[in-house]
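Undergrad: Sharing a model prediction with you, sequence too.
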Amino acid sequence: MKSGKKRRVRVRLGRNSYDIFIGALDGAADEIDRIAAGRDVAVITDANVAACNLVEPVCELCSGASKLGVITLRPGEKVKTFEAVAGICSFAAANNFDRHALFAALAGGVGGDLCGFAAGIYKRGIDFIQIPTTLLAMVDSAVGGKTGCDLPEGKNLIGLFKQPKAVFIDPAFLKTLPAKERRNGLAEIIKYGVIRDRELFERLWTQRRSLLNFNDLDFYTALIADCCAIKADVVAADEKESGLRAILNFGHTFGHALELLSGFKLPHGAAVARGMSLAAKLAVKVKLMDKAEADRIDALLDFVKLTPKTPSAATPETVLDAMRGDKKNRGGRITLILPEKIGRVKIVDDIPENIILDLLGEQL
Ligand code: GLY
């Protein structure tokens, strides 16, 4: 993206504050150079991103680095292992990267999380920046400092909070994505409207046709900035998720269970979309929200074709069992984020399991 609108969103975290730059990457060249110049830099990317020819332009923007290396991961959730994190650290060590080195994630959520985790532990912590390449990473995972990897026992079970030095989002990267991958990001965008911003939800509905036009870079620059601003606000209030930040997990308790039961064949965004629909229906069932509101959420998800099939291994019992393993749970109680109305959600942990089972029996 060579021109067009630019936005900047500040994540206010005291000494760990940083900016999110949204707009053409070229327009942020000075900022990237200011961070990378004179340092050993490793760009962590994946084979899909490399195939879209995004690596070379980023390396050019880092040309002031004292050393520059590129690590190309296999794409997909399966690579999100501790071995991959160790591999990134070994690359840095083998190339004598010092404690002033910088990792740059030029990747989607998986590569970004791995890169941040490696940055958090290499030589007890070095800086990193995020240059997200998927819509989902742009509006969610690249912002807020959650990093980590999966274990055979479950998703994101190890990791740390490590804020990036800056996030650079070029909405023109969206043009490189397959349609399915773009749709996944829309789930997280719709999430922001439901959890925190009714006006955003109304705008998404009114402009739903623009949502499917990924060539409208000005529209997407504004939308991504608005979503990042909501996330920045929540993260600033509760960086380490001791309370409020859990609302960002709306749809994720059901969603992670479905993702797990699909053997990770169901993409995260699609799983979250189904999870949001189920959480809204549960909110109606326990009389927290009107059915008309839940129907509006479903209508928007339907419009953008975020209505994935149920994985064959998902039965009410298997889904409930997988939900019992969710990281948010405390004292054996399932924690859920349920909407009270579009724009406001509540964190609850007192929904009886038989009601969740009934809901799953009706909906799966
Ligand atoms: N993706 C949820 C969070 O960053 O808290």
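TA: It's in.

Undergrad: quick one: H100 from I71, how far?
TA: H100 sits at a distance of 19 Å from I71 (criterion: CB to CB, to the nearest Å). Every C-beta, even on glycine, is put in place using the N, C-alpha and C of the backbone.

Undergrad: Then D46?
TA: Per CB to CB, D46 is found 9 Å from I71.

Undergrad: before we move on, the earlier item: of H100 and I71, which one has the most company?
TA: Between H100 and I71, counted using other CB atoms under 10 Å, I71 has the larger neighbour count: 21 against 12.

Undergrad: for the host helix or strand of the more buried one, packing partners?
TA: Following DSSP states H and E, one finds I71 within strand 67-73. Judged by 3 or more CB pairs under 8 Å, 6 or more residues apart in numbering; DSSP states H and E, the packing partners of strand 67-73 are strand 40-46, helix 47-51, helix 55-61, helix 82-94, helix 109-121.

Undergrad: In TSV: these, plus distance to E202, mean pLDDT and mean neighbour count.
TA: Listed next are the helices and strands packed on strand 67-73 as TSV, based on distance: least, CB to CB, whole Å; pLDDT from 0 to 100; neighbours: other CB atoms under 10 Å:
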stretch	distance to E202	mean pLDDT	mean neighbour count
strand 40-46	36	98	26
helix 47-51	34	95	18
helix 55-61	36	97	16
helix 82-94	41	98	17
helix 109-121	28	98	27
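
Undergrad: mind giving me TSV with those and columns for distance to I32?
TA: TSV is the format used below for these (distance: least, CB to CB, whole Å):
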stretch	distance to I32
strand 40-46	10
helix 47-51	17
helix 55-61	5
helix 82-94	19
helix 109-121	15
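
Undergrad: Format those as a markdown table; extra columns: distance to the ligand.
TA: Formatted as a markdown table, the helices and strands packed on strand 67-73 follow (distance: least, CB to the nearest ligand atom, whole Å):
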| stretch | distance to the ligand |
| --- | --- |
| strand 40-46 | 19 |
| helix 47-51 | 21 |
| helix 55-61 | 24 |
| helix 82-94 | 19 |
| helix 109-121 | 9 |
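
Undergrad: Which of those sits closest to V9?
TA: helix 109-121 (16.9 Å; CB to CB).

Undergrad: Low-confidence regions, the stretch 101-250 of the chain specifically.
TA: Counting by pLDDT under 70, not a single residue of the stretch 101-250 of the chain qualifies.

Undergrad: need the residues of the protein near the ligand, please.
TA: D140, G144, K146, R245, L248, N249 (CB under 6 Å from any ligand atom).

Undergrad: how many neighbours does the last one have?
TA: Looking back up the chat, that one is N249. For N249, the count of nearby residues is 24 (other CB under 10 Å).

Undergrad: where does the closest residue to it other than its chain neighbours land in three-state SS?
TA: Nearest non-adjacent residue to N249, counting by CB to CB, 6 or more residues apart in numbering: I337, 5.7 Å away. Recorded secondary structure, I337: strand (DSSP: H, G, I helix; E, B strand; the rest coil).

Undergrad: Compute the number of surrounding residues for G69.
TA: A count of neighbours around G69, defined by other CB under 10 Å, yields 18.

Undergrad: Can you name the residues that contact it?
TA: The neighbourhood of G69, defined by CB atoms under 8 Å, 6 or more residues apart in numbering, consists of V41, A42, V43, F91, N95.

Undergrad: of those, closest to V304?
TA: Ranked by distance to V304 (CB to CB), those are led by V43 at 31.7 Å.

Undergrad: From the chain's centroid, how far away is stretch 160-168?
TA: 13 Å (CA atoms, centre = their mean, to the nearest Å).

Undergrad: Pull the residues that contact that stretch.
TA: With contacts defined as CB under 8 Å, 6+ apart, stretch 160-168 is touched by 11, 13, 16, 18-21, 25, 28, 31-32, 35, 102, 105, 116-117, 119-121, 125, 127-132, 142-148, 228, 239-240.

Undergrad: if we go to 6 Å?
TA: Contact with stretch 160-168 is made by 16, 18-21, 25, 28, 35, 116, 120, 127-131, 142-143, 145, 147, 240, as judged by CB atoms under 6 Å, 6 or more residues apart in numbering.

Undergrad: what's the answer for stretch 284-303, then?
TA: For stretch 284-303, contacts defined as CB under 6 Å, 6+ apart pick out 190, 205, 208, 273, 277, 280-281, 283, 338-342, 359.

Undergrad: right, and the pair among those with maximum separation?
TA: The largest distance within the contacts of stretch 284-303, taken as CB to CB, falls between R208 and L359 and amounts to 26.9 Å.

Undergrad: part of a strand, is D233?
TA: No - judged by three-state DSSP, D233 forms no part of a strand; its state is helix.

Undergrad: neighbours around the closest residue to it other than its chain neighbours, how many?
TA: Nearest non-adjacent residue to D233, counting by CB to CB, 6+ apart: R196, 8.0 Å away. R196 is flanked by 21 other residues according to other CB under 10 Å.

Undergrad: now the strand holding I71 against helix 82-94, angle please.
TA: Strand 67-73 runs at 160 degrees relative to helix 82-94, counting by axes from the mean of the first three to the mean of the last three CA atoms, to 10 degrees.

Undergrad: Check which strands are paired with strand 67-73 and give the direction for each one.
TA: strand 40-46 (parallel) (DSSP bridges).

Undergrad: May I have the beta-bridge partners of D19?
TA: Note on D19: beta-bridge partners by DSSP bridges are R10, A166.
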